[in-house]
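Peer 1: Sequence and predicted structure are below.
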Amino acid sequence: MTQVAFPKLLSSQIAFDIARTILDGFDKHYRLFREASQAARRHFETGDWATAQAAARERIDFYDKRVQEAVDVLEDEYTPEELSDSVWREIKLHYIGLLSGHKQPELAETFFNSVSCKILHRTYYHNDFIFVRPVISTEYIETEELLPTYRVYYPAADRLRFALKRIVTNFQLGAPFAALERDVALVEARMVEKFGLDKMESNQQLHVLSNLFFRNKGAYIVGRAVNGAREYPFVIPVLHNRHGELVLDTVLTEVEQIALLFSFTRAYFLVDMEVPSAYVQFLRNLLPRKPRSEIYTVLGLQKQGKTLFYRDYLQHLKHSSDRFQIAPGIRGLVMLVFELPSFPYVFKVIKDFYPPPKDTTRAQIKEKYLLVKHHDRVGRMADTLEYSDVAFPLARFSEELLAELQHHAPSLVELEGERIIVKHLYIERRMVPLNMYLAQAEKAGDDALIEHGIREYGNAIRDLVAANIFPGDMLYKNFGVTRQNRVVFYDYDEIEYLTACNFRDIPEARNEEDEMSAEPWYSIGKHDVFPEQFGRFLLGNKKIRHHFMQQHADLLTRAWWQAHKERILAGEVEDIFPYPQHIRFHPHPTTTPALQPQAPPTLENLEHE
């Protein structure tokens, strides 16, 4: 990679002014980002869930709006002739100087890239002009606010229960607790059981991040317990009970449970962070297997997540030699999906044309993916990374894949010397397609796996419905199995809001001729859905049918779907817990048993995410 050439003197006033304009745009963005996170606390305290959800969706668009504002200013105030290559080089160098002492330098570098890439041709996407590599270190950045990144408590000196109560009360939430002493005692008992904190060690501490994590109807206290030389992560969810009082719902102590809380299948947290890199480092210590890119993303800093992901991808590409190929499984009508076998993600390209019965456009498909990005994914929809003008080494593409891309998506593919440029694509965590999971389970003669797959499939649909999502195409091939053996939906081209659907029963046949007809004898509107028909394309296998009818027969009835639609229209926001029901201290009596996660079996040699 070409090194940045530092001139003896940075002489361009234009370059400095542009660097200042870009940084001002970022600072405005992050100020608004923090204000949204601070407002999330007020929404939680008052139980204003509708406003909280709307604000979370709105925050996702903040970044792109600020980038476009900065681009508009630069294009209005400067001519192309003024923005020569030497000026652009100086812009970056001035920008580096302005980041001295900045609290979010890594985010500001990414913002600079976003603005620059809106103006520059892709031939400028190298380290002379943008931050292909980071320049400013995020190590040891100190907060200037009254609160440090995390607080330290000493249970050995103060007694564990007293320390836990101090942790909760120090957040000074503006709503009363139903029974804080009772809940703290329950947390204490669980932590003693899991961490052995009753056994006195020379070094016993609790480290707790200074700000709460807000998402949907919950607030989360995130910390780690230090007992001697050992460290244990923990998360305490704080919820409202039915009377509007606060309760400590449980304490998560298993890394797997905490990883699911921070999963790529869930909505982004709102948390107020002056020094985001310090929060990421803390969480990275709790979840060492989770990439930094995913941690930034789940904190709502998805553009930084994209930047780090792409850097990781480039490193992987450099140190691997396998070839890109068409992903295994049933090929879709809308998307062409390919993979690099050694890399745990898939690349999805929208085709230029779609055979019947698909009736859609590229713009409509993009809107569906954007809907998912803005919506609460409730642990059942995979987040996607969207990229433009991605360069791949042509020599690493299989002949079959190249031919497929040139045939199905010629408008999005451009050959440029030794590279192939894909003008638009989505990148998504690789999962085992559910149809392949069930087929392999049946081949292995493992009925428990089939039962688990169907239970998870039905629960995924129930969770999606609770979040006002109708999957549209419910075939097993459109769902995937993660490494935690959870079933997740990932094909969004036919997704709809549940409230936009019209659920109907099939009318009775008027005569024998109607019954024998190959075509429906009744009219079908664009948004009509007939749940009793689902079984025709889902339940052909006897074992699958047996388990489905045992656990999810109500999904084949109009009444079930209509009841959920009516509850959503009435303004009800359902509880969907990102952790198992059996570890909760105060399970709500109306919690639906079918939504409770269960310990999954495992299947040898299945490829998981």
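Peer 2: Great, that's in hand.
Peer 1: Sticking with the most centrally placed residue in the chain, tell me its helix or strand.
Peer 2: Taking C-alpha atoms, centre = their mean as the criterion, residue 264 is the residue nearest the geometric centre of the chain, at 3.4 Å. Using DSSP states H and E, residue 264 sits in no helix or strand.
Peer 1: can I assume it is in contact with residue 298?
Peer 2: Yes - counting by C-beta atoms under 8 Å, residue 264 touches residue 298, with 7.2 Å between them. Every residue, glycine included, has its C-beta placed from N, CA and C.
Peer 1: got the contact list for the residue nearest to the centre of the chain?
Peer 2: Contacts for residue 264 were tallied using C-beta atoms under 8 Å, 6 or more residues apart in numbering; they are 294, 297, 298, 382, 383, 429.
Peer 1: so what's it closest to, chain neighbours aside?
Peer 2: Excluding the flanking residues, the one nearest residue 264 by C-beta to C-beta, 6 or more residues apart in numbering is residue 383, at 4.7 Å.
Peer 1: The one you found: what secondary structure?
Peer 2: coil (DSSP: H, G, I helix; E, B strand; the rest coil).
Peer 1: all helices for the stretch 51-200 of the chain, in order.
Peer 2: 62-77, 85-98, 105-119, 155-158, 160-169, 180-195 (DSSP state H, counting those that start in this stretch).
Peer 1: which stretch among these comes nearest residue 289?
Peer 2: Nearest to residue 289 among these is helix 180-195; the distance by C-beta to C-beta comes to 19.4 Å.
Peer 1: got the angle for the closest one vs helix 160-169?
Peer 2: With axes from the mean of the first three to the mean of the last three C-alpha atoms, to 10 degrees applied, the angle from helix 180-195 to helix 160-169 works out at 120 degrees.
Peer 1: okay, and for this structure, where does confidence drop off?
Peer 2: 1-11, 124, 157-158, 198-202, 514-516, 518, 588-609 (pLDDT under 70).
Peer 1: By residue count, what's the longest helix in it?
Peer 2: In the chain, with assignment by DSSP state H, the single longest helix is helix 13-46.
Peer 1: now for that one, which elements pack on it?
Peer 2: helix 49-60, helix 62-77, helix 85-98, helix 105-119, strand 213-215, strand 218-227 (3 or more C-beta pairs under 8 Å, 6 or more residues apart in numbering; DSSP states H and E).
Peer 1: Show me what counts as buried in stretch 439-453.
Peer 2: For stretch 439-453, a neighbour-count test (16 or more other C-beta atoms under 10 Å) marks 440, 441, 442, 446, 449, 450, 451, 452, 453 as buried.
Peer 1: Start and end of that stretch, how far apart?
Peer 2: End-to-end distance of stretch 439-453 (C-alpha to C-alpha, to the nearest Å): 11 Å.
Peer 1: returning to what we had before: closest one of the buried residues of stretch 439-453 to residue 363?
Peer 2: Nearest to residue 363 among the buried residues of stretch 439-453, with distances taken as C-beta to C-beta, is residue 453, at 34.5 Å.
Peer 1: so what's that closest one up against?
Peer 2: Going by C-beta under 8 Å, 6+ apart, residue 453 touches 434, 437, 438, 441, 481, 487.
Peer 1: which pair in those spans the largest distance?
Peer 2: 441 and 487 (12.8 Å).
Peer 1: rewinding a little: mean neighbour count and distance to residue 543 added to the helices and strands packed on helix 13-46, as a markdown table?
Peer 2: Formatted as a markdown table, the helices and strands packed on helix 13-46 follow (neighbours: other C-beta atoms under 10 Å; distance: least, C-beta to C-beta, whole Å):
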| stretch | mean neighbour count | distance to residue 543 |
| --- | --- | --- |
| helix 49-60 | 17 | 39 |
| helix 62-77 | 16 | 47 |
| helix 85-98 | 19 | 61 |
| helix 105-119 | 22 | 49 |
| strand 213-215 | 24 | 37 |
| strand 218-227 | 22 | 37 |
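Peer 1: Quick one: closest of those to residue 168.
Peer 2: So among these, strand 218-227 is nearest, using C-beta to C-beta, at 7.1 Å.
Peer 1: So which bits of the next helix or strand after the closest one are buried?
Peer 2: Using DSSP H and E, the helix or strand that follows strand 218-227 towards the C-terminus is strand 230-240. Within strand 230-240, the residues that qualify as buried are 232, 233, 234, 235, 236, 237, 238, 239, 240, counting by 16+ other C-beta under 10 Å.
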